[in-house]
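S.K.: Structure, please.
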Amino acid sequence: MNQQKVIWIGVACVITLPCFLQAQTITQDEFLNQLRKKHPVFQKEALNSKIHQEEQNSLSGAEDWNVFSSINYAHEEPMIAIAGPEKTDAVSVSGGVERLFWNTGGHLSVSFSSAWANIKLDPIFGFPESFYQNQINLSYSHPLLKNKNGYLNRLQHDLKQFDIDLSDVQSKENMEDFLKAAALKFLDWVFLSEHQQIVIDRLKLSEEELDRVKRKREANLVDQVDVIRAEDAVRLWTQNRVLIGSQWRALQGELAVLAQQEDIYSAKPDFDLYELQSRLPLKEAVSLLNKKSRILSVMDIRLNQLNRVRAGFEETSKADLSVVTELNIKKYDEGLAKSLGLDKPDAIIGLRYAFPVPNRTARHKIAKTELQAEQLTKQKEEIAITLNSALTNLHIQINELENVMKLNQEQIESARERTAEELKLYNQGRGDLTFVILSRDNEENAKLTYAANALTYHKLNLEYDALMDQLYQ
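M.R.: Below you'll find the predicted structure:
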């Protein structure tokens with residue numbers, strides 16, 4: 001009964017093979033493209049630079065027109081009114097607009113004020129008891145040295161652009177790392193497919209051998225122990241088939257959920273595990289890596305950012321020399337209507353100069369940024385060496401694995417020839433079934449070693465492509 005059960009399991013495995021072979025296929029590129037379209041990690045990472053962009057946009061609000069206004073009421077009764085009013089009541093209203101101009105660094109302010117006052121004063125002074133006063137004020141200051149052309153006004157806004165660029169590069173790195181991890185899982189699925197096929201082929205040979213041994217046993221050409229050995233071989237490879245099949249389906253399900261694609265549940269991978277890939281010569285690859293590496297570009301962005309910060313400190317160390325202008329038009333009268341006829345102008349133009357002595361704050365901040373820039377330069381050199389050494393390592397490993405895979409092919413062919421010879425000896429009655437089984441196991445193990453080395457080869461190529469920033473463009 002157990003023997004029949006084993007045979008039926010083996011037959012079932014062989015029957016399911018055509019279905020497996022006829023299933024729809026999916027390539028690695030199709031799988032990764034599906035991830036790019038549907039997986040939320042890509043939408044999440046794309047939002048990073050947009051968030052920093054909005055932060056930068058918020059800083060541009062410093063250039064907006066600023067509207068201001070106020071209204072006040074004042075009542076004053078001095079303790080001793082010898083030469084002044086005994087009581088004063090006043091109401092004032094003011095309002096205006098002001099703005100910074102980033103292109104020039106100038107500051108413009110326009111305001112209007114209106115006031116009414118009621119003053120109780122001895123008539124001998126000749127002042128009216130109640131009067132109105134209206135005034136329009138226009139002022140503008142323009143920097144000539146410090147903050148010329150609005151450099152300091154724009155500084156934080158411009159520095160935020162470096163954060164946007166850094167965020168964009170980091171997001172691309174994160175997405176490439178995600179694609180690499182997913183591609184590695186796909187390769188594991190490819191390997192399990194090949195492993196499964198190797199096991200199925202080995203199981204089929206074991207079943208054929210079992211049939212031959214049984215016929216020989218019926219003809220009293222072999223001992224019963226050979227039948228038992230053949231049955232054990234079928235059991236072993238049936239177990240392997242079930243185990244590998246469960247691993248294959250589990251990984252298939254993981255990839256289907258990851259890509260949010262139900263079709264993968266009924267698909268198999270379309271990938272030539274034994275195909276070799278072309279690469280640039282090592283010297284050219286290193287040169288390209290040093291020019292195009294995202295990680296090195298991050299260091300360049302940070303260096304440019306530090307240089308901009310340093311220029312900002314240099315700007316603050318300059319003397320504050322500004323042209324200051326102011327124009328007032330006003331009118332004072334007892335009647336409200338007459339007070340609106342503004343006819344008393346005042347005009348001021350001058351220079352404002354200020355300089356911190358000995359200006360230690362800016363000087364030390366400049367020195368600090370110079371040291372940080374030097375440190376970043378050395379860090380970039382360190383990273384470049386690390387990247388180049390990693391690329392060299394991968395390049396050598398990949399090339400050597402190609403040679404190993406050629407030896408694997410020779411080993412498989414040698415194992416096949418040995419199996420054929422062992423089988424010939426056994427059929428002639430001069431050999432032992434154990435040696436036939438061992439020889440076939442060696443042949444399948446050679447195939448499995450070839451597949452495992454091919455898997456390592458393609459994984460190293462994935463690492464190579466990721467290092468060269470070629471997985472995510």
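
S.K.: from here on, contacts and neighbour counts on C-alpha atoms
M.R.: Noted.

S.K.: At which residues are the strands of the stretch 101-250 of the chain located?
M.R.: Assigned strands in the stretch 101-250 of the chain, in chain order: 107-120, 130-143 (criterion: DSSP state E, counting those that start in this stretch).

S.K.: Can you say which of those strands is nearest to residue 257?
M.R.: Among those, the nearest to residue 257 by C-alpha to C-alpha is strand 107-120 (58.7 Å).

S.K.: Residues contacting that closest one, please?
M.R.: Contact partners of strand 107-120, identified using C-alpha atoms under 8 Å, 6 or more residues apart in numbering, comprise 85-101, 128-142.

S.K.: got any ranges where this structure has weak pLDDT?
M.R.: Within the chain, the segments meeting pLDDT under 70 span 1-23, 79-84, 121-128, 332, 337-339.

S.K.: can you pull the contacts of the residue nearest to the spatial centre of it?
M.R.: Centroid-nearest residue in the chain: residue 171, 1.6 Å away (criterion: C-alpha atoms, centre = their mean). Counting by C-alpha under 8 Å, 6+ apart, residue 171 makes contact with 45, 46, 48.

S.K.: roughly how far apart are it and residue 384?
M.R.: Using C-alpha to C-alpha, to the nearest Å, residue 171 is found at 20 Å from residue 384.

S.K.: Which residue ranges of the stretch 251-400 of the chain form helices?
M.R.: 282-292, 294-316, 336-339, 360-427 (DSSP state H, counting those that start in this stretch).

S.K.: List the buried residues for the second one?
M.R.: Pointing back at helix 294-316 there. 294-303, 305-313, 315-316 (16 or more other C-alpha atoms under 10 Å).

S.K.: What is it packed up against?
M.R.: helix 151-218, helix 360-427 (3 or more C-alpha pairs under 8 Å, 6 or more residues apart in numbering; DSSP states H and E).

S.K.: Just give me the neighbour total for residue 458.
M.R.: 19 (other C-alpha atoms under 10 Å).

S.K.: roughly how far apart are the closest residue to residue 111 other than its chain neighbours and residue 171?
M.R.: In this structure, residue 111 finds its nearest non-sequential neighbour in residue 96, 3.9 Å apart by C-alpha to C-alpha, 6 or more residues apart in numbering. Residue 96 sits 45 Å away from residue 171, taking C-alpha to C-alpha as the criterion.

S.K.: Identify the residues contacting residue 258.
M.R.: Applying C-alpha under 8 Å, 6+ apart, the residues near residue 258 are 35, 39.

S.K.: Go through the helices and strands packed on helix 294-316 and name the closest to residue 272.
M.R.: Judged by C-alpha to C-alpha, the one of those that comes nearest to residue 272 is helix 151-218, at 8.6 Å.

S.K.: got the angle between that closest one and helix 294-316?
M.R.: Helix 151-218 runs at 170 degrees relative to helix 294-316, counting by axes from the mean of the first three to the mean of the last three C-alpha atoms, to 10 degrees.

S.K.: now the angle from helix 151-218 to helix 360-427?
M.R.: Using the same axes, to 10 degrees: helix 151-218 against helix 360-427 is 10 degrees.

S.K.: Show me how far helix 151-218 is from its chain's centre.
M.R.: Chain-centre distance of helix 151-218: 19 Å, with C-alpha atoms, centre = their mean, to the nearest Å.

S.K.: Could you do stretch 299-311 as well?
M.R.: The answer for stretch 299-311 is 21 Å, by C-alpha atoms, centre = their mean.

S.K.: Also stretch 237-245?
M.R.: 40 Å.

S.K.: With stretch 424-435 instead?
M.R.: The answer for stretch 424-435 is 62 Å, by C-alpha atoms, centre = their mean.

S.K.: Mind listing what's buried along that stretch?
M.R.: For stretch 424-435, by 16+ other C-alpha under 10 Å, it's 425, 426, 427, 433, 435.

S.K.: who's in contact with the fourth one?
M.R.: It refers to residue 433. 226, 229, 426.

S.K.: List just the nearest of these to residue 241.
M.R.: Of the contacts of residue 433, the one sitting nearest to residue 241 (C-alpha to C-alpha) turns out to be residue 229, at 18.4 Å.

S.K.: Surely that closest one and residue 432 touch.
M.R.: No - contact criterion C-alpha atoms under 8 Å: residue 229 and residue 432 do not qualify, at 10.8 Å.

S.K.: could I get stretch 442-450 in PDB with only the CA atoms?
M.R.: C-alpha atoms of stretch 442-450 as PDB (Å, rounded to 0.1, in the frame of the first residue of the first chain):
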ATOM      1  CA  ASN A 442      25.800  13.600  -8.000                       C
ATOM      2  CA  GLU A 443      24.500  14.600 -11.400                       C
ATOM      3  CA  GLU A 444      21.500  16.400  -9.900                       C
ATOM      4  CA  ASN A 445      23.700  18.000  -7.200                       C
ATOM      5  CA  ALA A 446      26.000  19.300  -9.900                       C
ATOM      6  CA  LYS A 447      23.000  20.800 -11.700                       C
ATOM      7  CA  LEU A 448      21.900  22.300  -8.400                       C
ATOM      8  CA  THR A 449      25.400  23.700  -7.700                       C
ATOM      9  CA  TYR A 450      25.300  25.300 -11.200                       C
END
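
S.K.: tell me the contacts of residue 459?
M.R.: Counted by C-alpha under 8 Å, 6+ apart, residue 459 has contacts 184, 187.
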